[in-house]
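A.B. asks: I'd like to go over a predicted model; first the sequence, then the structure.
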Amino acid sequence: MAFKKKMEEKILDVDASMTGTLSFKDPVNLRINGKFEGNLNTKGNLTIGPAAIVLADIVGDNIIIGGRVKGKITARERLTLLPSAVVEGDIYPARLNVTEGAILEGKCVMLQDFLNAAEVAKYLEIDLNSVMEWANSGKMPGHREGSDWKFERKSIDAWLAAGKIER
């Protein structure tokens with residue numbers, strides 16, 4: 001029974017109406033059942049309940065959507081759209097599950113396991129010159145393939161999480 005209680009303590013339920021930015025550095029199980037406007041940056045699991053209305057750009061590991069979401073969604077591990085999901089906006093999942101009945105209005109661009117320098121610049125929303133400078137100096141994890149750089153997305157995510165980016 002102690003194990004069950006420990007798991008319950010890691011779940012954060014949001015049933016109210018909120019506006020702002022929610023950002024988590026450590027993994028959590030976040031469940032939104034009310035209304036949220038702003039930005040969400042999560043680690044762990046994010047669930048948007050069937051009654052939820054979310055107007056936000058979302059970045060997370062494992063995202064499950066059952067409600068209405070309007071905004072850009074980036075899922076580093078997996079994005080699941082349940083039958084009750086209505087999503088308006090572009091999605092960028094590493095893996096995608098769409099259940100029959102879900103509605104998606106926007107484009108889907110699958111995240112690749114390996115990125116080139118231009119894709120890393122777009123992924124991190126920084127300029128290409130910074131990516132090349134960091135890669136050439138060894139500050140950013142990557143490897144050369146001929147004259148091109150290749151970056152493993154998971155290594156870039158870990159590098160970001162460790163706070164090694166210099167903006």
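C.D. replies: Okay, I see it.
A.B. asks: quote the end-to-end distance of stretch 110-120.
C.D. replies: Length of stretch 110-120, first residue to last, C-alpha to C-alpha, to the nearest Å: 14 Å.
A.B. asks: tell me which residues of it come out buried.
C.D. replies: Leu111, Leu115, Ala117, Glu119, Val120 (16 or more other C-beta atoms under 10 Å). Quick note: C-beta positions are derived from backbone N, CA and C, even for glycine.
A.B. asks: tell me which of the residues you listed fall in helices.
C.D. replies: Ala117, Glu119, Val120 (DSSP state H).
A.B. asks: ok, the last one touching Val131?
C.D. replies: Yes - taking contacts as C-beta atoms under 8 Å, Val120 lies within contact range of Val131: 5.1 Å.
A.B. asks: now do the shared contacts for those two.
C.D. replies: With contacts taken as C-beta atoms under 8 Å, 6 or more residues apart in numbering, the residues that reach both Val120 and Val131 are Met140.
A.B. asks: distance between the ends of stretch 12-19?
C.D. replies: 16 Å.
A.B. asks: give me the buried positions along it.
C.D. replies: Under 16+ other C-beta under 10 Å, the buried positions of stretch 12-19 are Val14.
A.B. asks: what about the closest residue to Thr42 other than its chain neighbours, neighbour count?
C.D. replies: Closest residue to Thr42 apart from its sequence neighbours, by C-beta to C-beta, 6 or more residues apart in numbering: Gly60 at 4.1 Å. Neighbour count of Gly60, defined by other C-beta atoms under 10 Å: 23.
A.B. asks: Val69 too?
C.D. replies: 27.
A.B. asks: list the contacts for it?
C.D. replies: Here Val69 is in contact with Ile48, Val54, Leu55, Ala56, Ile58, Ala85, Val86, Val87, Glu88, Gly89 (criterion: C-beta under 8 Å, 6+ apart).
A.B. asks: tabulate the residues you listed in a markdown table, adding columns for pLDDT.
C.D. replies: Below are the contacts of Val69 laid out as a markdown table (pLDDT from 0 to 100):
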| residue | pLDDT |
| --- | --- |
| Ile48 | 96 |
| Val54 | 97 |
| Leu55 | 97 |
| Ala56 | 96 |
| Ile58 | 96 |
| Ala85 | 98 |
| Val86 | 98 |
| Val87 | 98 |
| Glu88 | 98 |
| Gly89 | 96 |
